[in-house]
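Trainee: missing the sequence, but the structure's below:
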Ligand SMILES: [Zn+2]
Ligand SMILES: [Zn+2]
């Protein structure tokens, strides 16, 4: 497989809002995985303000400009756009994109919770500008509800958003779904929820690509603890990769999200690269 890894050295140099300095030992922590055949490391460039203006209001962007974490967030969104463009054009099969300061709590005019600009909103805008109209699926397995992502795409029925959180809702003609996985779950039960609530929907929806907002705050001992083990995250990626192979020619992009456990980040992300890069 041709697997892209989008990483900027700035991500290791700060303690970021909510997630802390879990990336402080990267890229060294994933050195072995970067040597696997087909894996390529990319340094992202910043997303343009012009692209961000198509998703966010002026006041939100003015606040972002003044914040110390702005640069990290701009590189994160830039990495998402570059990786997604390469996957959709066929240059890459899949990718892991490291992300700080950007993500699923950023809506058009309101952002909080460690994510101050949207990552999938600008990515979908950029993909449609380059490739024309298209359908996109977003799987959110961070512990918290993806309120910002939901607000960005509400009314856009060419975007499927399936969020595993603490709500049970089906909105926007079945394209915006929340599934309550409970706080006392386990690996098998959570995987069954994904198999039952995400897989059939995405098979029917037929997106160009699956974006996966992969928070590990659901892990035991992390700040959104739902009782999941370390190996859960690897099993989840294997399941979604198989699903992407069936529905969109393997086009699958993982964006890191919540979670502050360094040991867990250092364990799961190199192993996830290996799973993405392995044939099958
Ligand atoms: Zn979270
Ligand atoms: Zn939700």
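Mentor: On my side now, so go ahead. From a predicted model like this one, the values you see are computed outputs, not experimental measurements. Ligands and ions are numbered 1, 2, ... in the order given.
Trainee: At which residues are the helices of the stretch 151-280 of the chain located?
Mentor: Assigned helices in the stretch 151-280 of the chain, in chain order: 187-197, 199-205, 230-247, 262-277 (criterion: DSSP state H, counting those that start in this stretch).
Trainee: so of those, which one's packed in deepest?
Mentor: Across the helices of the stretch 151-280 of the chain, averaging neighbours per residue (mean count of other Cβ atoms under 10 Å) puts helix 262-277 on top, at a mean of 21. Backbone N, C-alpha and C define where each C-beta goes, glycine included.
Trainee: The residue nearest to residue 216 when sequence neighbours are not counted: how many residues sit nearby?
Mentor: Counting by Cβ to Cβ, 6 or more residues apart in numbering, residue 216 lies nearest to residue 259, which is 3.5 Å off, once chain neighbours are set aside. Residues near residue 259, counting by other Cβ atoms under 10 Å, number 25.
Trainee: OK, contacts around the residue lying closest to residue 70 once chain neighbours are set aside?
Mentor: Distance criterion Cβ to Cβ, 6+ apart; nearest residue to residue 70, sequence neighbours excluded, is residue 64 at 5.4 Å. Listed by Cβ atoms under 8 Å, 6 or more residues apart in numbering, the contact set of residue 64 reads 70, 73, 111, 116-117.
Trainee: same thing with residue 276?
Mentor: 1, 3, 93-96, 237, 241, 252, 254.
Trainee: Format these as CSV; extra columns: distance to residue 133 and pLDDT.
Mentor: Below are the contacts of residue 276 laid out as CSV (distance: Cβ to Cβ, whole Å; pLDDT from 0 to 100):
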residue, distance to residue 133, pLDDT
1, 27, 93
3, 27, 98
93, 23, 98
94, 23, 98
95, 22, 99
96, 27, 99
237, 29, 98
241, 26, 98
252, 21, 98
254, 24, 99
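Trainee: With distance to ligand 2 as added columns, please give those residues in TSV.
Mentor: As requested, the contacts of residue 276 are exported to TSV (distance: Cβ to the ion, whole Å):
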residue	distance to ligand 2
1	30
3	28
93	28
94	24
95	24
96	23
237	20
241	23
252	21
254	18
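Trainee: between the residues you listed, which has the most around it?
Mentor: Busiest of the contacts of residue 276 [other Cβ under 10 Å] is residue 96, holding 30 neighbours.
Trainee: Wait, it touches residue 1, no?
Mentor: No - look at residue 96 against residue 1 with Cβ atoms under 8 Å: they stay out of range, at 12.0 Å.
Trainee: what's the neighbour count on the residue in the chain positioned nearest to ligand 1?
Mentor: Closest approach between the chain and ligand 1, counting by Cβ to the ion: residue 258, at 3.0 Å. Residues contacting residue 258 under the criterion other Cβ under 10 Å number 24.
Trainee: Could you shift the numbering so residue one becomes 575, and keep it that way?
Mentor: Okay, residue one is now 575; in that scheme the one you just asked about reads as residue 832.
Trainee: ok, now how distant is the closest residue to residue 806 other than its chain neighbours from residue 688?
Mentor: Nearest non-adjacent residue to residue 806, counting by Cβ to Cβ, 6+ apart: residue 761, 4.2 Å away. Per Cβ to Cβ, to the nearest Å, residue 761 is found 25 Å from residue 688.
Trainee: same deal with residue 834?
Mentor: 9 Å.
Trainee: can you check residue 767 too?
Mentor: Counting by Cβ to Cβ, the gap from residue 767 to residue 688 is 24 Å.
Trainee: do the same with residue 766
Mentor: Relative to residue 688, and taking Cβ to Cβ, residue 766 is found at 29 Å.
Trainee: Enumerate the residues of this protein near ligand 2.
Mentor: 719, 737, 739, 752 (Cβ under 5 Å from the ion).
Trainee: where does the stretch 675-824 of the chain come near ligand 1, residue by residue?
Mentor: So the stretch 675-824 of the chain meets ligand 1 at 716-718, 789, 791, 798 (Cβ under 5 Å from the ion).
Trainee: returning to what we had before: for the contacts of residue 638, work out which two are farthest apart.
Mentor: Greatest spatial distance among the contacts of residue 638 (Cβ to Cβ): 644 and 685, at 12.0 Å.
Trainee: Confirm residue 662 sits in a strand?
Mentor: No - according to DSSP: H, G, I helix; E, B strand; the rest coil, residue 662 belongs to no strand; its state is helix.
Trainee: What number of neighbouring residues does it come out with?
Mentor: Neighbour tally, residue 662, other Cβ under 10 Å: 20.
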